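Trainee: Below are the sequence and a predicted model; questions follow.
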Amino acid sequence: MEDMDFEGSQLDQSTIIEYRDQIHSLQAQLAQMNAIMEKIENGTYGRCDICQKEIAADVLKDQPDRTVCHNHDASNSKLLGLEQTR
Ligand SMILES: [Zn+2]
């Protein structure tokens with residue numbers, strides 16, 4: 001198959017990097033979804049990872065991937081080593 005010749009491909013490096021970044025972001029989303037699924041199965045969904053308190057339903061509606069209560073939200077996550085690279 002001539003198709004295996006990547007040297008002659010129309011894809012340039014920046015396109016490949018763009019695809020790779022998209023895939024990385026999808027993988028991150030998938031990991032997050034898996035974590036949520038696990039919580040639902042364990043019956044711990046909607047509870048703070050740190051203090052186990054229930055997270056308000058309206059907060060979860062806005063941020064279904066939220067895993068901490070308002071006491072332990074992003075502004076405090078640096079202290080907990082959960083800082084996201086954005
Ligand atoms: Zn908490």
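Mentor: Perfect, I can see it now. Numbering: from 1, shown residues only.

Trainee: Quick check: buried residues in the top helix by length along the chain?
Mentor: The single longest helix within the chain, with elements called by DSSP state H, is helix 13-42. Within helix 13-42, the residues that count as buried by 16 or more other C-beta atoms under 10 Å are residue 36. Just so you know, the C-beta spots here come from the backbone N, C-alpha and C atoms, and that holds for glycine as well.

Trainee: roughly how far is the next helix or strand after that helix from the heart of the chain?
Mentor: Using DSSP states H and E, the helix or strand that directly follows helix 13-42 along the chain is helix 57-62. With C-alpha atoms, centre = their mean, to the nearest Å as the basis, helix 57-62 stands 17 Å off its chain's centre.

Trainee: Outside of helix 57-62 itself, list whatever touches it.
Mentor: Residues outside helix 57-62 that contact it (C-beta atoms under 8 Å, 6 or more residues apart in numbering) are 46, 66, 70.

Trainee: now these in JSON lines, with pLDDT?
Mentor: Formatted as JSON lines, those follow (pLDDT from 0 to 100):
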{"residue": "46", "pLDDT": "95"}
{"residue": "66", "pLDDT": "90"}
{"residue": "70", "pLDDT": "88"}
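
Trainee: From these, pick the one nearest residue 16.
Mentor: Here the nearest of the contacts of helix 57-62 to residue 16, counting by C-beta to C-beta, is residue 66; it sits at 33.7 Å.

Trainee: and the closest one, how many neighbours does it have?
Mentor: The tally of other residues near residue 66 (other C-beta atoms under 10 Å) stands at 19.

Trainee: Now do the SS call for it.
Mentor: coil (DSSP: H, G, I helix; E, B strand; the rest coil).

Trainee: and it, what is it in contact with?
Mentor: Counting by C-beta under 8 Å, 6+ apart, residue 66 touches 55, 59-60, 73.

Trainee: if we go to 7 Å?
Mentor: Listed by C-beta atoms under 7 Å, 6 or more residues apart in numbering, the contact partners of residue 66 are 55, 59-60.
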